[in-house]
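Chemist: generate a structure from the sequence data that follows.
(chains A and B)
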Amino acid sequence: MVATGALGAVGAAAVAWPFINNLNPAADTLALSTIEVNVTPIAVGQAVTVKWRGKPVFIRHRTEAEIKEAEAVPMSQLPDPETDNKRVTDTAKKVRPEWLIMIGVCTHLGCVPLGNKPGDPKGEFGGWFCPCHGSSYDTSGRIRKGPAPKNLVIPDYLFTSDSLVRIG
Amino acid sequence: MASSHGTPPVFNNKVIAWIDYRLPIFSYIEKEYHTFPTPRNFNYFWNFGAIATVMLVLMIATGIVLATNYTPHVLMAFDSVERIDRDVPQGWLIRDLHMNGASFFFIAVYIHIFRGMYYGSYKAPRELLWILGVVIFLLMMATAFMGYVLPWGQMSFWGATVITNLFSALPVVGESIVTWLWGGFAVDNPTLNRFFALHYLLPFVIVAVVALHVVALHIHGSNNPTGIDPKGPQDTVPFHPYYTMKDGFGVVCFLIVYAVFVFFAPDYMGHPDNYIPANPLVTPAHIVPEWYFLPFYAILRAIPDKLGGVLAMFGAIAVLFILPWLDTSRVRSCTFRPIYKWFMMFLVVDVIVLGICGSKPPEGFWVPLSQLATLYYFAHFLVLLPILGKIERPLPLPPSIADAVLKKKAV
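Modeler: Residues are numbered from 1 along each chain as shown, chains lettered A, B, ... in the order given. Okay, the predicted model is just below:
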């Protein structure tokens, strides 16, 4: 009885698996997972938005003041403590504090925060502001105020040269 | 009640008799929709079950026609809906019927739920009947949400993004569930495809659960405004012609109001931003769901914590499942509950306040107001209902439905 039941359960799971796995991203969707961006046209203080995996990615060329401000924040003030240094390190462990590359999706419920375009509200902490539910991020993209639980996510990226970055 | 009918009907038509002997559908219709003994004292609140059924059929009929012209692809969906509106013969009418039909289906169901709560229709022996109703409500919400995504406008896209992201708040399984919903890294073409498939499927699941709801209803029969059980033939009338006529009348009145919206204000209940094609890189300044989700959206935003907000929102519906056991009063109808009657009316006001809060940006005065209204919503079910049943002294119940009705007439 037990053996029959166990075998039946294994069989049911084996049949269920393809149906559940079918919901996962398909090969062609996964194939879109890497993009290359030339960052030379982005002047200091500017930011661009590129599309990666259907989501916006923010690439911000930070000013000295913004970098200093981000580095000066004590960890105790952060809901999701993370050093600025760690957030500007590429997959080859090279630190480039002038380039902040993040997925531009609010960690609350997925809206695109404002602050990338000149004239956008940047929120109380000079970084980004999500208009949907009022989360504010600092110049390192870290959550400072509002309902979002996490900092803006840093994707895997690698500077293949000083001007070219590969995201994904 | 259902078992106490008289002898089975005799059919004079030979074909009908032949069929009925082998598959007794005619006996069934005769028993459940003709002679079915129904309390004689229904008020117009008892129309809304029939009205909701009509709306369900109407949504399926218009939906199937729309599906024949709709293209579930991110590059073509928006344009195919515009084509239905502009080029397809009578497409505008079918689409407006479907779009406004969703709203009017929810209007009917919200009134139906209010009726059930005010007159205690969820109490023994109708607990399962009530629970099946809550299941229908949940399925309706899922269906409506996925349907709203299909035109692939800005509100479609961002509504889908926000709602699917709700599941990411769940620990451990959250991220996997979101990926399964999306079929990718964001709301995109695979999401639109699966939502279209499910939006076509779920209404038929609703039909099946409605069938169970009706079967459960016909075991003990309908509740009535007095909340007391019929005690004999003097308390009931046959379903046909009395309630087929009354339901028919109610349905026509309801459809008149519906038609006014379809023909004169088809976009009144929608959001203008949904006529902007979806753009994954720009979030609209103010995302709002359709009006029928606003109270729940307000509860989500009232809690300043992601997981907490999501749990409160789902909890607001989950609490309805255990409503039959939270209410400790032995009297069904609010007519005879002098204190609870007012709290019940206050709950209606509370839900409307939540709805207004849900439509406003989450700032200033609206935040504490939505928190207060959320607090009352849960306190109503979890604190007031259990306690009130113990301390409230109900008014004397009439000896029978017939007594109640005839006394009212005499005065």
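Chemist: may I ask you to confirm that B:Y292 is in contact with B:I113?
Modeler: No. Contact criterion Cβ atoms under 8 Å: B:Y292 and B:I113 do not qualify, at 11.7 Å. (Glycine included, C-beta is placed from N, CA and C.)
Chemist: looks to me like A:E36 is in a strand.
Modeler: Yes. Applying DSSP: H, G, I helix; E, B strand; the rest coil, one finds A:E36 inside a strand.
Chemist: who's in contact with it?
Modeler: A:160, A:164-167 (Cβ atoms under 8 Å, 6 or more residues apart in numbering or on different chains).
Chemist: can I get those in TSV with secondary structure and distance to chain B?
Modeler: What follows is those, written out as TSV (DSSP: H, G, I helix; E, B strand; the rest coil; distance: Cβ to the nearest Cβ, whole Å):
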residue	secondary structure	distance to chain B
A:T160	coil	22
A:L164	strand	22
A:V165	strand	19
A:R166	strand	17
A:I167	strand	12
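Chemist: against which helices or strands is the helix or strand where B:G159 lies packed?
Modeler: Taking DSSP states H and E as the criterion, B:G159 maps to helix B:154-166. Counting contacts by 3 or more Cβ pairs under 8 Å, 6 or more residues apart in numbering or on different chains; DSSP states H and E, helix B:154-166 is packed against helix B:127-149, helix B:174-182, helix B:189-220.
Chemist: returning to that earlier point: the contacts of A:E36, buried ones only, as a ChimeraX selection?
Modeler: Paste this into ChimeraX to select the buried members of those, with burial taken from 16 or more other Cβ atoms under 10 Å in any protein chain shown:
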select /A:165,167
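Chemist: which residues in the chain form strands?
Modeler: All of this refers to chain A. A:35-38, A:47-52, A:55-61, A:99-103, A:126-129, A:136-138, A:143-145, A:157-159, A:164-167 (DSSP state E).
Chemist: chain B was what I was after
Modeler: In chain B, the segments counted as strands under DSSP E are B:37-39, B:236-238.
Chemist: just the ones you listed: most buried one?
Modeler: Compared across the strands of chain B, strand B:37-39 shows the largest average neighbour count, a mean of 21 (mean count of other Cβ atoms under 10 Å in any protein chain shown).
Chemist: and the longest helix for chain A?
Modeler: Secondary structure of chain A per DSSP state H: the longest helix is helix A:2-21.
Chemist: quick one: mean pLDDT over that one.
Modeler: Averaged over helix A:2-21, pLDDT sits at 92.
Chemist: neighbours of residue 27, just the number please.
Modeler: As the question left the chain open, I've gone with chain A. 6 (other Cβ atoms under 10 Å in any protein chain shown).
Chemist: that was the other one, I meant chain B.
Modeler: 15.
Chemist: what pLDDT is listed against the residue nearest to the spatial centre of chain B?
Modeler: Central residue of chain B (Cα atoms, centre = their mean): B:V109, 3.5 Å from the mean position. According to the prediction, B:V109 has pLDDT 98.
Chemist: wait, it sits on B:I51?
Modeler: No. Judged on Cβ under 8 Å, B:V109 makes no contact with B:I51 at a distance of 9.1 Å.
Chemist: overlap in contacts, the two.
Modeler: With the criterion set as Cβ under 8 Å, 6+ apart, the contacts of B:V109 and B:I51 do not overlap.
Chemist: once you drop chain neighbours, what's closest to the residue nearest to the centre of chain B?
Modeler: Among residues not flanking B:V109 along the chain, B:A52 sits closest, at 5.3 Å (Cβ to Cβ, 6 or more residues apart in numbering or on different chains).
Chemist: pLDDT value on the one you found, please?
Modeler: Note on B:A52: pLDDT of 98.
Chemist: neighbours of it, how many?
Modeler: Other residues close to B:A52 by other Cβ under 10 Å number 25.
Chemist: cool, B:S103 as well?
Modeler: Other residues near B:S103 number 19, with proximity taken as other Cβ under 10 Å.
Chemist: I'm done for today, thanks for sticking with me.
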